[in-house]
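[1] Sequence first, predicted model second:
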Amino acid sequence: MAVSTQSKTLTSTAPRRRTRTADSADRAYEAIHKMIVDFKLMPQQRINEVQLARELNLSRTPVREALNRLTSEGFLIAKPNQGFFFRALEIDDLLDLFELRTILETGGLVLACQRADDADIERIEQFWADAQERYRRHDPDEILGLDEHFHIQLMQLTGNDELVRNLEAINARIRFVRRTQISLGKNHPKLIDEHTELLNAVRARDSDRCVTLLRDHISMTFEDAKTALKEALFHAYMGENT
């Protein structure tokens, strides 16, 4: 009977323990992820796992799990016998990510034109009608959040969750540089016009028009990338993003 009682106890507590571990790893992931996309870490900076675990009030196990996950997503580099390091974007990385974003979103919009319900398009139109006035406040963080949400909603019209998740991952990698672009930019009216045209093309189910508009909207030249990345790193080193 004692063995049976012990077995019941182990069975009942194990799932709770696994849940707590998963919750801690998720919490560590979100916290470290935010540090990365906000450039709280310097390029090539080594991650101090012990200090990080202490700051997050977690054990090293969930922190290590989060670091491994962030490495698999391209945010960090794991060096044998050295630990984890922040993988800062280079110009070529930035151009590659914008190219990937263009391919992903143009392909997604072709599907969206085929699959979207009119009611779902109307919901985005309502969101965009409300968002435009907020763009005119010229708050870089607010504009970036609205911009990302607009593009995610368009991708959601595909009904393909994997496309949405991949776009969210790309957005996270380029977020700090995009914020810098927006903070420097005098293109807020241009962004409004381009989003409006894009949404009208989706409403018309004109996939060719969508692809053309989106390529122009997302495209980044070498000089654009160089300027944006230089400014982003300057703000990071000067602490202006804190």
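    Done, it's in.

[2] With residue 138 as the reference, measure out to the closest residue to residue 148 other than its chain neighbours.
    Of all residues not flanking residue 148 in the chain, residue 171 sits nearest, at 5.2 Å (CB to CB, 6 or more residues apart in numbering). For the C-beta atoms, the positions are set from N, CA and C on the backbone; glycine is no exception. Plainly put, residue 171 is 21 Å away from residue 138 if you go by CB to CB, to the nearest Å.

[3] Of the two, which one has the most company?
    Ranked by neighbour count (other CB atoms under 10 Å), residue 171 and residue 138 place residue 171 first, with 19 against 13.

[4] Helix or strand: which one has that one?
    Here residue 171 is covered by helix 161-184, with elements defined by DSSP states H and E.

[5] Number of residues surrounding the closest residue in space to residue 164 that isn't next to it in sequence?
    Counting by CB to CB, 6+ apart, residue 164 lies nearest to residue 155, which is 5.0 Å off, once chain neighbours are set aside. When neighbours are counted by other CB under 10 Å, residue 155 registers 24.

[6] Residue 155 is in what secondary structure piece?
    Secondary structure from DSSP H and E places residue 155 in helix 140-156.

[7] For residue 38, see how far away the spatially most central residue of the chain is.
    By CA atoms, centre = their mean, the mean C-alpha position of the chain lies nearest to residue 172, the distance being 2.3 Å. According to CB to CB, residue 172 and residue 38 sit 11 Å apart.

[8] ditto for residue 50
    Counting by CB to CB, the gap from residue 50 to residue 38 is 22 Å.

[9] ok, these two, which is more surrounded?
    The neighbour comparison of residue 50 against residue 38 (other CB under 10 Å) goes to residue 38, with 14 against 9.

[10] coming back round to it: any buried residues in the helix holding residue 155, and which?
    Within helix 140-156, the residues scored as buried using 16 or more other CB atoms under 10 Å are 140, 143, 144, 146, 147, 148, 150, 151, 153, 154, 155, 156.

[11] Just to check, residue 88 is in contact with residue 36?
    No. Here residue 88 lies out of contact with residue 36, judged by CB atoms under 8 Å, at a distance of 9.5 Å.
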